[in-house]
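>>> Here is my input; please provide its structure:
(one chain, ligands or ions: 1)
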Amino acid sequence: MKFTIIPKETVLLNPLQEMRRHTVANEIRFDPLTGRSSRICHFMKLQWQKPDLQALAEQTAPVCPFCPERVMRITPCFPPEILPGGRLVDADRVLFPNLAPYEALSAVAVMGAAHYIPMTDLTPDTIAGALGLCLAFFRILEQAGHPESVYHLINWNYMPPSGSSIVHPHLQVFAGSTAPQLLREEIAAARAYRQAHGAVYWEDLVAAERAEGSRYLGRIGRTEWLCAFAPMGVAGDVVAVVDGVCRTLELTRQDLADLARGLTHAMALYDEMGIFSFNMNVFSGTQEDEDFRLHLVFSPRTYFNQAIGTPDVGALQHLYHEGVCLAFPEEIAQRLRPRFAGR
Ligand SMILES: [Zn+2]
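Here you go, the predicted model:
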């Protein structure tokens, strides 16, 4: 397992210190699986100001399509050959097709009746329940033998900085025969890793991270938690690997509960930093991908400058696919680890 770091130094004359020579360290890291690179730089204090989220909630609720008074009236239905009944309902959770689909089978899962749930009020039950609804949908597709029921993927954009246009908590649910770019790269790299080392990459990764310790967070059930060595997010990424599981449909109810619990630990820490938004993606293989392990990546999102609407993704990330992280992942892990100690 190679954790490659290229250290860099920037020399400048600092106007804050009478133009004395000033050296700023930063580094470039490479993901051990794909080689995807990430800059660790700036080393600022990870602290942001939250806007008035209650006001945002109140302002968006009257026209929200996912609120209980509208969701069963104005959201679309699947045709009966895909989903008899049109929508999938479980208590106050509803799954229906996305009116603006990203895939042949592209759904939205509304996580409950509440229009706005602050990040720290998202409970393990709320999260696990919504993930369970997505799995129920995937199971129906699988049993019907739908040709697009190959990769079963769940994305979560929570609050506007993450790319979400709707405040009401919801998941994006995809089933398709074409994996997205990074997932495709990971599947190919995992296969090559198995051929070169005779081992499953994620099993080696967890073993290496556990032994080294600086990014390892803990284990809940059979979910292993760590901070990414080369994160994509400006405040690091939290990764969960599920032992022995290759694809979404192999997750048990207990796995969902354990993943949900770990996510709430991450949310609690990032809330302390003033972060109120995140992306979360499930990376899943197919039945054939025995060398793949299901993992999810939780990546906090923020505004660089809220007053003028500056997002935390610029040209470096968007067009070079280069990660930028403003602190050492090991320092973020140090702050997260105590939360995982109590499981
Ligand atoms: Zn709503």
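
>>> C-alpha only now, for contacts and for neighbours.
Noted.

>>> Run a quick check on Glu186 versus Gly35, I expect a contact.
No: applying CA atoms under 8 Å, one finds Glu186 not in contact with Gly35, separated by 10.0 Å.

>>> ok, the two, which is more surrounded?
Comparing Glu186 with Gly35 by other CA atoms under 10 Å, the one with more neighbours is Glu186, at 19 against 16.

>>> who in the stretch 51-200 of the chain is up against the ion?
64, 66-67, 115, 168 (CA under 5 Å from the ion).

>>> Most neighbours among those residues, please name it.
Neighbour counts for those, by other CA under 10 Å, peak at Phe66, which reaches 28 neighbours.

>>> Check for me that that residue belongs to a strand.
No: using DSSP: H, G, I helix; E, B strand; the rest coil, the secondary structure at Phe66 is coil, not a strand.

>>> residues contacting it?
Listed by CA atoms under 8 Å, 6 or more residues apart in numbering, the contact set of Phe66 reads 110, 113, 115, 168.

>>> what separates it from Glu27, distance-wise?
43 Å (CA to CA, to the nearest Å).

>>> repeat for Asp312
19 Å.

>>> Now that we're looking at the nearest residue to Asn14 once chain neighbours are set aside, what pLDDT does it have?
Nearest residue to Asn14, sequence neighbours excluded (CA to CA, 6 or more residues apart in numbering): Arg20, at 5.5 Å. Arg20 is assigned 96 on the pLDDT scale.

>>> in which helix or strand would I find the closest residue to the ion within the stretch 151-300 of the chain?
Nearest residue of the stretch 151-300 of the chain to the ion, counting by CA to the ion: His168, 4.5 Å away. Per DSSP states H and E: His168 is located in neither a helix nor a strand.

>>> List phi and psi for it.
phi -60, psi 120 (degrees, to the nearest 10).

>>> Identify the residues contacting it.
His168 is in contact with 64, 66-67, 110, 114-117, counting by CA under 8 Å, 6+ apart.

>>> Just send these back as CSV, with pLDDT too.
Shown next, in CSV, are the contacts of His168 (pLDDT from 0 to 100):
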residue, pLDDT
Cys64, 98
Phe66, 98
Cys67, 98
Val110, 98
Ala114, 98
His115, 98
Tyr116, 98
Ile117, 98
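
>>> how about the residues you listed in CSV, adding distance to Glu142?
Shown next, in CSV, are the contacts of His168 (distance: CA to CA, whole Å):
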residue, distance to Glu142
Cys64, 32
Phe66, 27
Cys67, 29
Val110, 21
Ala114, 30
His115, 31
Tyr116, 33
Ile117, 32
